[in-house]
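1. below: sequence and its predicted model.
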Amino acid sequence: MVHIKVYNSLLLQKILAFFSGKLRKLLLGKFKGTGRGVKVIFHDFPGGAECFELIARFCYNNGIIVLTPSNIFLLHYAANFLEMKGDIHGIPNLILQAKIYLEGVHYWTWPELVVGLKQCQDLLPVLSSSRIFQEFLDSLVEKLFMHGVASQRTSSSDSSSFQFSGDISSEGAKNYNSQTTWWFQDLGFISIVLLENMVHTMILQNVEHATVCSFLLYYQKSRFFSVSTAERCKVTETVVNLLSLLDEGSISYRGLLDAFGMTLSLKMSRCCMVKLESLIGSRLDQAKLDDLLVPSPPGKKYAYDSNLILRLVKIFLLESSNKYSNHRLKKFAGLIDLYIAEVAPDPYLRPSKFAALAMSLPDVARDSHDRIYRAIDMHFEVHRGLCEDEKISVCCALNYNKLSPENVKHLARNPNFPTGLVVTASVCLKSKLLKTLLMEGHHHKISCDNLKNIRAKNERRK
């Protein structure tokens, strides 16, 4: 809001209103027959009092002002707001002067573009739908990825750096330097609204998605410790929404896990978490065991968030049904088996949840069920109070035909397992032994037949 109090009618009539069509309309007839001053209030004046001061200087200086990247957007929008269209004594009006200056934005240096961007941010959301604003962003992105632009970097960018790792400390920005990321710190000041505009422009201009991803993850980390909790949620949600626009293969998986780790202390929207879990779950086979050991939500006694892992596994399997090889699926099963073994001794993990984890993968994913058997055995050791029905429901995850003879033999004598399953294991063991004997006999017969054939051939040659 701008208040203009004028007690000298000539100041408005002869100077300000002379250049501004809007002021002329407002003040028409106001001074006739009165010596009183006039008060004009603009509730939505672009740039506020600072900008009006620039306009006043322009008017007092008879339509002349030095245009710079630090004032051009303020003057452009103020001139349009005040309808400063008329040329004065052969001097182009302010709207035309600003337009001509902005047409040369392609020749601005990088530091000048950064200064202009800060001005644009101050004028949002007035600028958001402006053609001139979009042209400016186009020029900035073009300049950003032109060859040699790094030499034009601002002084603040000399220390631009960030380390992408599991460490989310604010000191992580000291030992990383790259020609492709030097500008991250220069643009770290932008608001989330301006961030959205910037990223959409980068995508439209076919900037490498991996670079866009790195910038987004840097932005989230760099803002995380300097804003309120509510603002952290907004920043994270914006970053996740923008990441979902990128090619999946271009997104740093380690960066995604770091971003997810930062959400654990926040109350994120369900929509945001679904998107983030989808990005992580689709490539869950790239995770390590430590990545899966996510602490349980506050107020829960069990050690790790097994519900989260079940959701991520489901997402991975939906993706893998079409594009992942059997080898990749089996490698993934090894990771999940390690996780199951890790959570099996948890005294607060319910048997039904443990069973869901054990049965979360299709049978084809595992060539052997030995690790699953050992995990179940450990779970039963800790949960000695389980009834037969609960144990049977857990044991449904076992495929006895995929157990080694040693583990089948161990199961047949294991008092932790239900009696009926012990009997089944004994039958399975006998079947395995019989098959082994038959196979050995079959191989022996083949070997004898081969030997006879060789001897017969030798006899014929003689």
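-> Nice, I can see it.
2. where exactly do the helices run in the stretch 101-250 of the chain?
-> 110-123, 131-144, 192-204, 209-224, 229-243 (DSSP state H, counting those that start in this stretch).
3. for Pro125, which non-adjacent residue is spatially closest?
-> Val193 (6.9 Å; Cβ to Cβ, 6 or more residues apart in numbering). From N, CA and C alone the C-beta is placed, and that goes for glycine too.
4. ok, now which ones touch that neighbour?
-> Leu124, Pro125, Ser128 (Cβ atoms under 8 Å, 6 or more residues apart in numbering).
5. pull the contacting residues for the last one.
-> The neighbours of Ser128, taking Cβ under 8 Å, 6+ apart as the test, are Val193, Asn197.
6. just the first one next, same as before
-> Shown here is Leu124, whose contacts under the criterion Cβ under 8 Å, 6+ apart are Ser191, Val193, Leu194.
7. now do the contacts for the last one.
-> With Cβ under 8 Å, 6+ apart as the criterion, the residues that contact Leu194 are Leu117, Cys120, Gln121, Leu124.
8. one more: Leu289?
-> Contacts of Leu289 by Cβ under 8 Å, 6+ apart are Leu335, Leu338, Tyr339, Glu342.
9. cutoff 10 Å now
-> Going by Cβ atoms under 10 Å, 6 or more residues apart in numbering, Leu289 touches Leu335, Ile336, Leu338, Tyr339, Ala341, Glu342.
10. swap in Ala303?
-> Contacts of Ala303 by Cβ under 10 Å, 6+ apart are Leu293, Val294, Pro295, Ser296, Glu342, Val343, Pro345, Asp346, Pro347, Tyr348, Leu349.
11. check what pLDDT the third one gets.
-> To tie it back to what came earlier, the one meant is Pro295. Per-residue pLDDT puts Pro295 at 94.
12. next: the one 4 residues further on.
-> The predicted local distance difference test score for Gly299 is 89.
13. Three-state assignment for it, please.
-> Following DSSP: H, G, I helix; E, B strand; the rest coil, Gly299 is assigned to coil.
14. mind giving me the domain ranges of the chain?
-> 1-93, 104-281, 287-429 (automatic domain parsing).
15. would you single out the least confident of these?
-> With a mean of 76, domain 1-93 has the lowest mean pLDDT of these.
16. how far does it sit from its chain's centre?
-> Relative to its chain's centre, domain 1-93 lies at 46 Å (Cα atoms, centre = their mean, to the nearest Å).
17. contacts only, for Phe316.
-> By Cβ under 10 Å, 6+ apart, the neighbours of Phe316 are 280-285, 287, 324, 328-329, 332, 336, 360-361.
18. let's see that with 6 Å instead.
-> For Phe316, the contact set (Cβ atoms under 6 Å, 6 or more residues apart in numbering) comprises Gly281, Leu284.
19. what helix or strand is it on?
-> Element membership of Phe316, judged by DSSP states H and E, is helix 306-323.
20. measure Lys301 to Arg350 for me?
-> Distance of Lys301 to Arg350, computed by Cβ to Cβ, to the nearest Å: 10 Å.
21. gap between the helix holding Phe316 and the chain center?
-> Taking Cα atoms, centre = their mean, one finds the center of helix 306-323 at 19 Å from the center of the full chain.
22. residue contacts, Leu102?
-> Taking Cβ under 6 Å, 6+ apart as the test, what Leu102 contacts is Ile132.
23. same thing but 8 Å
-> Leu102 sits in contact with Ile72, His76, Ile132, Glu135, Phe136, where contact means Cβ under 8 Å, 6+ apart.
24. now do the strands in this structure.
-> Taking DSSP state E as the test, the strands found in the chain are 2-6, 38-42.
25. tell me the strands beside the last one, with direction?
-> Okay, so that is strand 38-42. Counting by DSSP bridges, the strands paired with strand 38-42 are strand 2-6 (antiparallel).
26. residues of stretch 347-359 that come out buried?
-> The neighbour-count check on stretch 347-359 (16 or more other Cβ atoms under 10 Å) flags Leu349, Pro351, Lys353, Phe354, Ala355, Ala356, Leu357, Ala358 as buried.
27. pretty sure the second one is touching Leu386, no?
-> Yes. Taking Cβ atoms under 8 Å as the definition, Pro351 is a contact partner of Leu386 at 6.0 Å.
28. please enumerate the shared neighbours of these two.
-> With Cβ under 8 Å, 6+ apart as the test, Pro351 and Leu386 both reach Val394.
29. if you look at the buried residues of stretch 347-359, which of them are in helices?
-> Pro351, Lys353, Phe354, Ala355, Ala356, Leu357, Ala358 (DSSP state H).
30. find the nearest non-adjacent residue to the fifth one, please.
-> It refers to Ala356. By the measure of Cβ to Cβ, 6+ apart, the closest residue to Ala356 outside its immediate chain neighbours is Leu310, 6.0 Å from it.
31. same question, the last one
-> Excluding its sequence neighbours, the residue lying closest to Ala358 (Cβ to Cβ, 6+ apart) is Ala397, at 3.5 Å.
32. report the contact partners of that neighbour.
-> Contact analysis of Ala397 by Cβ under 8 Å, 6+ apart lists Ala355, Ala358, Met359, Ile372, Ile376.
33. do you know how far it is from Pro347?
-> Distance of Ala397 to Pro347, computed by Cβ to Cβ: 20 Å.
34. next one: Leu308
-> Separation of Leu308 from Pro347 (Cβ to Cβ) stands at 20 Å.
35. and Arg232, by the same measure?
-> Going from Arg232 to Pro347 by Cβ to Cβ gives 34 Å.
36. follow-up on the earlier one: go through the contacts of Leu289 and name the one nearest Leu217.
-> Checking those against Leu217 with Cβ to Cβ, the nearest one is Leu335 at 23.5 Å.
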